[in-house]
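*Asks:* Sequence plus predicted model, see below.
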Amino acid sequence: MTAISDGGLSRGAQLLEEGRALLARGDRTGAAQVLVRARDERDVVLDAHALIEAHDLVGSFRNVMGLDCTISAQDDIFGFFQNHHSCRNPLRDYLADGWRTLSELMLLLEAVDQPLLRTPRVLEFASGHGRFTRHLVKAVGAERVAVSDVVPGAVEFARATFGVDGFQSASVPEAVRWPGQYDLVFVLSLFSHLPRATWARWLQALYGAVAPGGLLVFSTHGLKAARFDNVVLDDEGFFFAASSESQAIDVQEYGTTFTSPGFVRACIAGTVGADRLVHEAPVHFWNHQDAYVLRKGAA
């Protein structure tokens, strides 16, 4: 519960005002000490974080991680971390989770002999507000990265903050206007949210965005995730619930989905061909989501 002072300001708001005043006076040391305390207050955590990062104060995550650690106030994934019962430091956990995703992606690509650092052009699809994008940019450079998302403002935030290319996605795959093709299309935790009506259609559309010889990498909630959440799959190996952590997308088009490996393989076979699947990695991402790698044939 946020404490409120006699003046009507919460403890966090008071610390934030004090930190801003110290910055205005040029007292960076004092401001850092106060703003680090403000950053622990739930109601001003992102405001305090933004000031620390923007002024490169002692305690900034940029100094530790060597990348842009700006976080959008509209970032649903940060909100998920902040509201999760197990999370004691949402800023650290959010930023570290993106780094973990990068390491897991790099291991996956090594398994199919297409290292990330030698991949000329990468599309991160369903990229959100950059939880992973910032780490991808550090690894390969902004000039090699494009992002896409359906959430209003997400692509604009990534362009302005990380310097990447980007384009707006759409609610249905047929409405997306693809600027080109990419050597790697990475789709983390989109197929774990799609209803049956668009699941295979998105697979077809995203495969179409892969350049000849390139890869499509995507993740799903598989059997381990279904057991953990006590979900019973139907006869085809599918389950969808109209609920998710997103506050910006209709739950009927972006809920929570669980799929068996058999369902995924059948969709691959029925859309792009079974021979396009070159690698499977159960519970690969976050020790929770299965990973699939498809390779498009050379032109």
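*Replies:* Perfect, thanks for sending it.

*Asks:* buried set for the lengthiest helix in the chain?
*Replies:* Across the chain, the helix with the greatest residue count (assigned by DSSP state H) is helix 90-111. Neighbour counts over helix 90-111 (16 or more other C-beta atoms under 10 Å) mark 90-91, 93-95, 97-102, 104-105, 108-109 as buried. C-beta: built from backbone N, CA, C; applies to glycine.

*Asks:* Identify, from those residues, the entry nearest to residue 62.
*Replies:* The closest of the buried residues of helix 90-111 to residue 62 turns out to be residue 95 (C-beta to C-beta; 10.0 Å).

*Asks:* just to revisit the earlier point, show me the contact partners of the longest helix of the chain.
*Replies:* With C-beta atoms under 8 Å, 6 or more residues apart in numbering as the test, helix 90-111 has contacts from 39, 45, 49, 61, 65, 69, 71, 77-78, 81-82, 84, 87, 115-116, 119, 131-136, 139, 184, 186, 188, 215, 217, 279, 281, 284-286, 291, 293.

*Asks:* Can you turn the buried part of those into a PyMOL selection?
*Replies:* PyMOL command restricting the contacts of helix 90-111 to the buried ones, with burial defined by 16+ other C-beta under 10 Å:
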select buried, resi 39+45+49+61+65+69+71+77+78+81+82+116+119+131+132+133+134+135+136+139+184+186+188+215+217+279+281+284+285+291+293
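
*Asks:* Just the contacts of helix 90-111: which are in strands?
*Replies:* 184, 186, 215, 217, 279, 281, 284, 285, 291, 293 (DSSP state E).

*Asks:* Contact partners for the second one?
*Replies:* Shown here is residue 186, whose contacts under the criterion C-beta under 8 Å, 6+ apart are 105, 122, 123, 124, 125, 217, 218.

*Asks:* ok, now the fourth one?
*Replies:* Each residue near residue 217 by C-beta under 8 Å, 6+ apart is listed here: 105, 108, 109, 184, 185, 186, 187, 291, 292, 293, 294.

*Asks:* Tell me how far the second one lies from residue 279.
*Replies:* To tie it back to what came earlier, the one meant is residue 108. For residue 108, the distance to residue 279 (C-beta to C-beta, to the nearest Å) stands at 7 Å.

*Asks:* shared neighbours of these two, which are they?
*Replies:* 291, 293.

*Asks:* where does this structure have low pLDDT?
*Replies:* Filtered on pLDDT under 70, the chain yields the residue ranges 1-7, 244-250.

*Asks:* domain ranges for it?
*Replies:* Following automatic domain parsing, the chain resolves into domains at 1-59, 93-295.

*Asks:* most packed of these?
*Replies:* domain 93-295 (a mean of 18; mean count of other C-beta atoms under 10 Å).

*Asks:* Can you list the neighbours in contact with the next helix-or-strand element following the longest helix of the chain?
*Replies:* The first helix or strand that comes after helix 90-111 along the chain, using DSSP states H and E, is strand 122-125. With contacts defined as C-beta under 8 Å, 6+ apart, strand 122-125 is touched by 116, 132-133, 136, 140, 144-149, 169, 182-188, 190, 206, 209.

*Asks:* In helices only, show me these.
*Replies:* 133, 136, 140, 206.

*Asks:* Contacts only, for the second one.
*Replies:* Listed by C-beta under 8 Å, 6+ apart, the contact set of residue 136 reads 102, 122, 124, 145.
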